[in-house]
Every structure is written in structure tokens, then in C-alpha cells.
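A.B. asks: Quick one, what's the 3D model for this:
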Amino acid sequence: MVNAAADLLLGARCPGCGTPGWRVCADCRAALASAPVGFARRDPSPPGYPPTVAGADYDDRVQGLVTGFKERGVRAAAPLLGQRLGLAVARLLAARGAPGQAYALVPIPSTPAVVRERGLDCTGLLARLAAAEVRHLAGLRVPVRRGLRQTAVVRDQAGLHARERWANLSGALTAVPARLTARPQTTAPVVVIIDDVTTTGATLAEAHRALRAAGVPVLGAAVAAATIRRTPPPGHPAAGSRSAR
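C.D. replies: Below is the predicted model:
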């Protein structure tokens, strides 16, 4: 009754599937809760693409949740995406981490203009939610640090093929090692790069390059979701097929 009234009066719908209602529907919650968590390999893979774990596949449902959160301000999607991101971080730490090592989550930075437009730093919020999830799951404290900043304006990535995206993002980020520690004398932690979604892997590769260029150790990356199928660039062996992993 409440959901029907919401649809009638305000047109409120679940961002994942469009079902009338105020919140993310039960079906979308259940689908996300059962989503596989695993390493997201890109093909082709950009130079410097780090080992990356994704909390879900970027299917239509997850795309709706991400778009609803980032572009339409549907805050109810944030805890669900943050949880998947936290699961991805936990999997990465379990697979590649070392006992006793200090880690920090470094989100891909948003431009000030994007933050103003959306009213919040979406990736930063997801990183904080992921850190809370890791602490809940594994009892590990992984602080969020602003260890990257954007130093170049890039063109819109929409419509660009993989190699065009790699070139577009080259040199766009710079590491800020001083931000990685709470105190100047503290040894810098090993970094996990954080983003909401990876498609070609270009953004994560550029972040990895920037951090390594500054001497910052990187364990890998974690994302809430990763695309599974996408169109290969011209000249790629799979270009004749409809899609490639």
C-alpha cells in the first residue's frame, strides 16, 4: 500500500529494477546479497592495471543502483554498494595481504565540480562504508586516506574504447603521500585503491601508476562492481564478436 501510494504520488521507484516504492526493493537486495565476489580481470588489460576484486557484476540491476546513487541522489543504495565494496576489500586482503601489515583505502578522487553537483563525494562515502564493513567482517581497521588528487582535466570517457580511455587518463592523477599517515612519523600503510565501478580498468591503472611513482606500496584495488562484457576496441582479436570479457 505504501509503495503503491509512493508511486502514485511521487513516482518513487526502486533504482535497481524500477519497482514502485520508496527504497531499494527486496528482490534487488537479495540479488546483490548473493552476487559473486571475485577478481576482475580486464581484456585487454591496461598497463599497470592492479589486482582488482569486485563485489558484484555490473549488470542492469547494479547499474541502476550505482546511477541512482551517483546521479539521482538515492542514498538508500549507498549502504548496499558500500557493503559489496567492503566484501571486495576483505577478499583482496585475505588473498594478498600479510598479517600485521597496516592498510589504507585510497578512493579515486572526484573533482570539486562533481562533488558540488552531487552534493557529496560518492566514492569517498562508499570507501568509508567499506571500511566499516571490513571492520565488522574481519575486525581490521582500514582507514580512508585522500592519497590521490586530480591534476589534469580529462574528456568525458563515454564512447571511448579501452585504449582511448587509457590515453585519456594518462597523467590525470598525482599521489599525495603525506596524506596517507595520521602522523608524519608513522610508516605509510600499504594502499588499496577504491572505486565504485571498473569498466576498462583505465582509472585504476592510472591511480596505480601515480601511487607507485611516488613510492607508495599498493596491494591492489577493490570496486563495488565490475563490467563483465564490453565491446573490444578496434583491431582487438575479439572485435568481430559482439562482446568480450
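
A.B. asks: going forward, measure contacts between C-alpha atoms and count neighbours the same way
C.D. replies: OK.

A.B. asks: Just want the phi and psi numbers for Gly48.
C.D. replies: With angles defined as degrees, to the nearest 10, Gly48 sits at phi 80, psi 10.

A.B. asks: Quick check: it touching His208?
C.D. replies: Yes: assessed by CA atoms under 8 Å, Gly48 is found in contact with His208 at 6.6 Å.

A.B. asks: List the buried residues for stretch 202-222?
C.D. replies: 202-211, 216-222 (16 or more other CA atoms under 10 Å).

A.B. asks: Just these: which are in strands?
C.D. replies: Among the buried residues of stretch 202-222, DSSP state E puts 218-222 in strands.

A.B. asks: Tabulate those (JSON lines), appending pLDDT and distance to Arg41.
C.D. replies: Listed next are those as JSON lines, based on pLDDT from 0 to 100; distance: CA to CA, whole Å:
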{"residue": "Val218", "pLDDT": "98", "distance to Arg41": "17"}
{"residue": "Leu219", "pLDDT": "98", "distance to Arg41": "16"}
{"residue": "Gly220", "pLDDT": "98", "distance to Arg41": "12"}
{"residue": "Ala221", "pLDDT": "99", "distance to Arg41": "12"}
{"residue": "Ala222", "pLDDT": "99", "distance to Arg41": "12"}
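
A.B. asks: Kindly present these as JSON lines, with separate columns for distance to Cys17.
C.D. replies: Below are those laid out as JSON lines (distance: CA to CA, whole Å):
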{"residue": "Val218", "distance to Cys17": "36"}
{"residue": "Leu219", "distance to Cys17": "35"}
{"residue": "Gly220", "distance to Cys17": "32"}
{"residue": "Ala221", "distance to Cys17": "28"}
{"residue": "Ala222", "distance to Cys17": "25"}
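
A.B. asks: Closest one to Val74 out of the residues you listed, please.
C.D. replies: Nearest to Val74, judged by CA to CA, of those is Ala222 at 22.2 Å.

A.B. asks: show me the contacts for that closest one.
C.D. replies: When contacts are counted by CA atoms under 8 Å, 6 or more residues apart in numbering, Ala222 touches 52-55, 85, 88-89, 92, 192-195.

A.B. asks: immediately after the top helix by length along the chain, which helix or strand?
C.D. replies: Criterion DSSP state H: the longest helix present in the chain is helix 77-96. Sequence order places strand 103-107 as the next helix or strand after helix 77-96, per DSSP states H and E.
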